[in-house]
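[1] I'll drop the sequence and a predicted model, then ask my questions.
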Amino acid sequence: MMSNNRRDYDSAQGWLSALREDELWLCQAERLQAATASEFKVHRDDALRRIGQGDSYEYWELYQHRVEPVVVEVWSLAELSLTKLKIQVVGMLTIEWLEQKEKTAVVPKVLSESELWQRVKDAGFVDENGQPTVSRTEAAIIADMLADRIGIKNKWKFFENFWRRKNMRNDYNKALDLQKSLEYQEKLKKLLA
C-alpha cells in the first residue's frame, strides 16, 4: 500500500514509479489483460470517469495522454490529495494501456482494399496502423472525403470507432472555419482525385 504523504516520495516520478508497482494498478492491469476488445470501451469510459474533468484532465489533453508530465504538473500544484491523484492516474494509465493496445488495430477491410486509402497512407496522413498523423481537423477532412468517395455509411461513427475519437463531426465543422483546413482540403482533393 502506498503512502498518502508527499514527503515519502523524492519526486513526482518516484511516486509514479511506486504507483506502477502498487496493488491498485496491478489489479487494474490484470483486468485489462483479461478483457476482450469489445470490453475496451467500457474500460475507457470508466478510466475517463476516474480522470474527471478537472485540472488533471486538462493536463492529460495538453500533454497528449502522456502520464508522467501530467503527474509532474499536478504534483507541483499540490492541490490534489494523493488519494485522488492515485485514482486519476490509474485512469490515465488505463487509457495509456488501451492506446498502446489499440495501436495494433486492424485497418477495416473497406479501407485496406481501397486505392484511395493507400494514397492517404503513402502521403503520410496516417501511420502503419491507420491512425492519423495529422491534426484532428485534418483527420476529420480525410474521414469525410474518404467516406464520400468509398461509400462508407455513418462516416463519423465508422472513423470515431476506428480512430478511437469522439466528436469528429465537430472537428469537421471547425475545419470548415479554418483557412489552413481549406488549403488542406484542396490538397486532399488532388490526392484523392
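    That came through fine.

[2] OK, contacts around residue 74?
    Listed by Cβ atoms under 8 Å, 6 or more residues apart in numbering, the contact partners of residue 74 are 12, 55, 56, 59, 80, 85, 88. For glycine as for every other residue, the C-beta is placed from the backbone atoms N, C-alpha and C.

[3] And residue 119, by the same measure?
    191, 192.

[4] mind giving me the domain split of the chain?
    6-102, 109-191 (automatic domain parsing).

[5] can you redo the ones you listed as CSV with mean pLDDT?
    Formatted as CSV, these follow (pLDDT from 0 to 100):
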stretch, mean pLDDT
domain 6-102, 89
domain 109-191, 90
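
[6] Relative to residue 45, which of the contacts of residue 74 is nearest.
    Proximity of the contacts of residue 74 to residue 45 (Cβ to Cβ) peaks at residue 88, which lies at 15.0 Å.

[7] Quick one: the helices in this structure, in order.
    Ranges of helices in the chain, per DSSP state H, are 12-21, 23-34, 40-51, 55-62, 67-77, 82-102, 109-112, 115-122, 136-150, 155-163, 168-176, 179-191.

[8] For residue 129, find the nearest of the ones you listed.
    Here helix 82-102 is closest among the helices of the chain (Cβ to Cβ), at 8.3 Å.

[9] which residues touch that closest one?
    Residues contacting helix 82-102 (Cβ under 8 Å, 6+ apart): 2-6, 15-16, 19-20, 22, 24-25, 28-29, 32, 40, 43-44, 46-52, 56, 60, 65-67, 70-71, 74-75, 80, 164.

[10] what angle separates that helix from helix 40-51?
    On the basis of axes from the mean of the first three to the mean of the last three Cα atoms, to 10 degrees, helix 82-102 is oriented at 150 degrees to helix 40-51.

[11] Report the distance from helix 82-102 to the chain centre.
    Computed by Cα atoms, centre = their mean, to the nearest Å, the chain-centroid distance of helix 82-102 equals 12 Å.
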